[in-house]
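In: My questions concern the predicted model and sequence given below.
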Amino acid sequence: MIDKSLEAKLVERQGKVEQLDEIRKQLEKERDFRCEEATKELNNVKLEVESMRRDLESRQAKIAAVVAEVDTINMKINSIKESGAVTRQELGLTLSWAPKPACGLGPDELSGQVDE
């Protein structure tokens, strides 16, 4: 009788072991599936980040080119301003040595007049 009782318990426990093995296998499959999905998502995010990085590098290069162009334009503007100042000075010196015009006004008096 004890043997049959032990045998019954053994069969019952073997059934539980098989059931637990099936549950373990199912859980492992679910885990593997989730890992695959997470890996796919991670790879997608990596691709997206890499694409964004390339876009930002491209934008940064364009901005650097525009800044360089602005600097060049500003240098030209400053050069023209300086050249104009020198020319104005030269003309001012030339006018101060020039004879008075027929109206009788000198260069200082002429510079204050406004043409209407």
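Out: Nice, I can see it. Numbering: from 1, shown residues only.
In: so where is the protein shaky, pLDDT-wise?
Out: The chain contains residues with pLDDT under 70 at 1, 93-116.
In: Helices along the chain, start to end?
Out: 2-97, 107-111 (DSSP state H).
In: Let me have the ones you listed in a markdown table, adding mean neighbour count as columns.
Out: Bear in mind the C-beta positions are built from the backbone N, C-alpha and C, glycine included. Below are the helices of the chain laid out as a markdown table (neighbours: other C-beta atoms under 10 Å):
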| stretch | mean neighbour count |
| --- | --- |
| helix 2-97 | 10 |
| helix 107-111 | 12 |
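In: show me the contacts for Glu90.
Out: With contact set as C-beta atoms under 8 Å, 6 or more residues apart in numbering, Glu90 has no partners.
In: Next, find the distance separating it from Ile80.
Out: For Glu90, the distance to Ile80 equals 15 Å [C-beta to C-beta, to the nearest Å].
In: repeat for Ser58
Out: Going from Ser58 to Ile80 by C-beta to C-beta gives 33 Å.
In: got it, and Met52?
Out: Met52 is 42 Å from Ile80, by C-beta to C-beta.
In: Next: Val11.
Out: Separation of Val11 from Ile80 (C-beta to C-beta): 103 Å.
In: Asp55 too?
Out: Relative to Ile80, and taking C-beta to C-beta, Asp55 is found at 37 Å.
In: likewise Arg59?
Out: On the measure of C-beta to C-beta, Arg59 and Ile80 end up 31 Å apart.
In: Mind telling me which residue is nearest the centre of the protein?
Out: Leu56 (3.6 Å; C-alpha atoms, centre = their mean).
In: How about the contacts made by it?
Out: By C-beta under 8 Å, 6+ apart, no residues touch Leu56.
In: State the distance from it to Val49.
Out: 10 Å.
In: And Leu42, by the same measure?
Out: Applying C-beta to C-beta to Leu42 and Val49 gives a distance of 10 Å.
In: swap in Lys76?
Out: Counting by C-beta to C-beta - Lys76 and Val49 are separated by 41 Å.
In: and what of Asp21?
Out: Distance from Asp21 to Val49, by C-beta to C-beta: 41 Å.
In: Check Glu90 too.
Out: From Glu90 over to Val49 the distance is 61 Å, taken as C-beta to C-beta.
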